[in-house]
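> got a sequence here, can you build the structure:
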Amino acid sequence: MMDRRHVIVGFDIGTSSTKAAIADTDTGTIIDTRTFHYENAREAAPGVMPIAVYETALLSAITSLMGDYEIDSIGLTVQMYSILRKTEDGLMAYQWNSLWARDKQIEVEMKDPLVRSGCRPDTIYPGYKLGTMTPEMRKEFLPYGIKEHLICLLTGKLVTDYTIASPFGLFDAVKWEWNLPLIRSLGIDESLLPKAVPYSVPVGPIDTELLPGFHAILTPGLGDGPSASFACRDVSCLCANLGTSMAVRVITDKPDFSDENGLWNYAFDDTLYTTGGISSNSCSVFHWGDQFDLRTEAPEDLVDTHDVMFFPWLHGERMPYWSSDLRGTFIGLQVFDDQKVLRSAVLKAVAFTFCRIARTLEKVSAPDQPLVMAGGGTKNRAVLSVIAGCVHRDLYLQENEAFLGSIGAAIASGIATGHAVHPDTKIAEIIHPTGAYEAEYERWLKMAEKMTQFYN
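This is a model prediction of the structure:
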């Protein structure tokens, strides 16, 4: 019988499934990818999921792969911004989209420590959530999330990596350590904090009592966005996702902690960061528009929108405003404006929102770097034409975008264990910048500033 292949496995623990990328330990090539769907996954509330869902899925996925490969090491990429709550029904993971009330006074008080952690004052961040709680309620929550719990489950060690610790909001991304003065001011038990390490430091062996006969090293991996960027590094350090929400990220040694651009900065290690911007108004806006028969997915050409502008702030807005007070708005409507005009205005607005983030990140990335794009929104040719008409970089569309997070986890695990993993990124299409929408974008940008003043 032939010896089974020795592999490195990168897991991406997402909101809807767990994806795995399997790399040959000897050659470093990705030889397999798999998806494991969650069973009986029912939210306890919007954005609130029992942690047992992720435990079961991960253990089941490892067991499945054990039947086909000799696994030498495992890296975990896990969704960011989660925090765990102790309830009568067990531990619940409050994810980024869990509903949470905004507290403007806390935003003022916590702004500086949140920014130092790499965050902005916003309800998605666990540190923000902890800051708004009463001391009694705070006792129900643990100062960590899904990733730390799963690492502890597998190894018995409570460990996190910098790219998950940074956006938790209680970290110091400049000194690469927990912000103890802030933690003490909130009355959080320091003994419950996970140990924060760079992605390149192995956690240790996986518990053989949990998985009998299994001998593998667990490495911390990265957060989902940083891991996807890691998987694209052979092509570019400037990457973007255009999905339900949108984000643009750059791997850099020069983070931007300034107020001017409203970027976040999450540490990889003591030299590198992933700096980026995010908007919650992306394909979710298209889904909203389709309720009114705007047919945002229709393969029609964009029409002249005249003076009609749309500001797609249906979910408030994050970078650069970080305000939940903003509202989606049409301006400049006249009686002869039809559905095609409204449709085009919506498509342009989402594209312009993306371009604002991308053009800001262009300033902190090398000029020869293309913008590598992934996500369902890249299938919308109208949106891509507007983006190409505003950004100043080639757009690279990838073939293997669904597994970027897990491939990044495999690469990080390989680095932590001394094995090179090659992502072999395949580019499906290259779109060159045209400048066709630059003037219209600049007009939209000026009006966006006036509209934010109106709402704020």
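> break this protein into its domains for me.
6-219, 234-455 (automatic domain parsing).
> Serialize those to a markdown table and add fields for mean pLDDT, mean neighbour count and distance to residue 227.
For every residue, glycine as well, the C-beta is placed using N, CA and C. Shown next, in a markdown table, are those (pLDDT from 0 to 100; neighbours: other C-beta atoms under 10 Å; distance: least, C-beta to C-beta, whole Å):
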| stretch | mean pLDDT | mean neighbour count | distance to residue 227 |
| --- | --- | --- | --- |
| domain 6-219 | 95 | 19 | 4 |
| domain 234-455 | 93 | 19 | 3 |
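> host element of residue 247?
strand 246-252 (DSSP states H and E).
> adjacent strands (with direction) for that strand?
strand 238-242 (antiparallel), strand 273-279 (antiparallel) (DSSP bridges).
> a markdown table please, covering those and showing distance to residue 265.
Listed next are the strands paired with strand 246-252 as a markdown table, based on distance: least, C-beta to C-beta, whole Å:
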| stretch | distance to residue 265 |
| --- | --- |
| strand 238-242 | 15 |
| strand 273-279 | 5 |
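> contact partners for the nearest residue to residue 451 once chain neighbours are set aside?
Closest residue to residue 451 apart from its sequence neighbours, by C-beta to C-beta, 6 or more residues apart in numbering: residue 311 at 5.4 Å. By C-beta atoms under 8 Å, 6 or more residues apart in numbering, the contact set of residue 311 is 326, 328-329, 331, 349, 447-448, 451.
> mind checking which of the residues you listed are in helices?
349, 447-448, 451 (DSSP state H).
> make JSON lines out of those residues and add distance to residue 133.
Putting the ones in helices among the contacts of residue 311 into JSON lines (distance: C-beta to C-beta, whole Å) gives the following:
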{"residue": "349", "distance to residue 133": "36"}
{"residue": "447", "distance to residue 133": "38"}
{"residue": "448", "distance to residue 133": "34"}
{"residue": "451", "distance to residue 133": "33"}
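> element containing the most centrally placed residue in the chain, please.
With distances taken as C-alpha atoms, centre = their mean, residue 225 lies nearest the centre of the chain, 3.7 Å away. Using DSSP H and E, residue 225 maps to helix 224-231.
> CA atoms only for that helix - export them in CSV, please.
Written as CSV, here are the backbone C-alpha positions of helix 224-231 (Å, rounded to 0.1, in the frame of the first residue of the first chain):
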residue,chain,number,x,y,z
ASP,A,224,-10.4,36.0,7.4
GLY,A,225,-9.6,39.2,5.5
PRO,A,226,-5.9,39.2,6.3
SER,A,227,-5.7,35.5,5.4
ALA,A,228,-7.3,36.2,2.0
SER,A,229,-4.7,39.0,1.4
PHE,A,230,-2.0,36.5,2.4
ALA,A,231,-3.2,34.2,-0.3
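> next secondary structure after the strand holding residue 247?
Using DSSP H and E, the helix or strand that follows strand 246-252 in sequence is strand 264-267.
> what sits against the residue nearest to the centre of the chain?
80, 241, 247, 249, 274, 276.
> and for residue 203?
In this structure, residue 203 makes contact with 151, 155, 157, 159, 197, 217-220, judged by C-beta under 8 Å, 6+ apart.
> sitting in strands, which of these do you find?
Members of the contacts of residue 203 lying in strands (criterion: DSSP state E): 159, 197, 217-219.
> check those residues and tell me the two furthest apart.
197 and 217 (13.7 Å; C-beta to C-beta).
> list phi and psi for residue 388.
phi -60, psi -20 (degrees, to the nearest 10).
> going forward, the N-terminal residue is numbered 134.
From this message on, residue numbering opens at 134, which makes the last subject residue 521.
> distance of it from residue 424?
28 Å (C-beta to C-beta, to the nearest Å).
> and what of residue 201?
For residue 201 relative to residue 424 (C-beta to C-beta), the value is 44 Å.
> and residue 511, by the same measure?
In terms of C-beta to C-beta, residue 511 sits 23 Å off from residue 424.
> and the strands in the stretch 434-583 of the chain?
Ranges of strands in the stretch 434-583 of the chain, per DSSP state E, counting those that start in this stretch, are 442-444, 462-464, 504-507, 528-531, 560-564.
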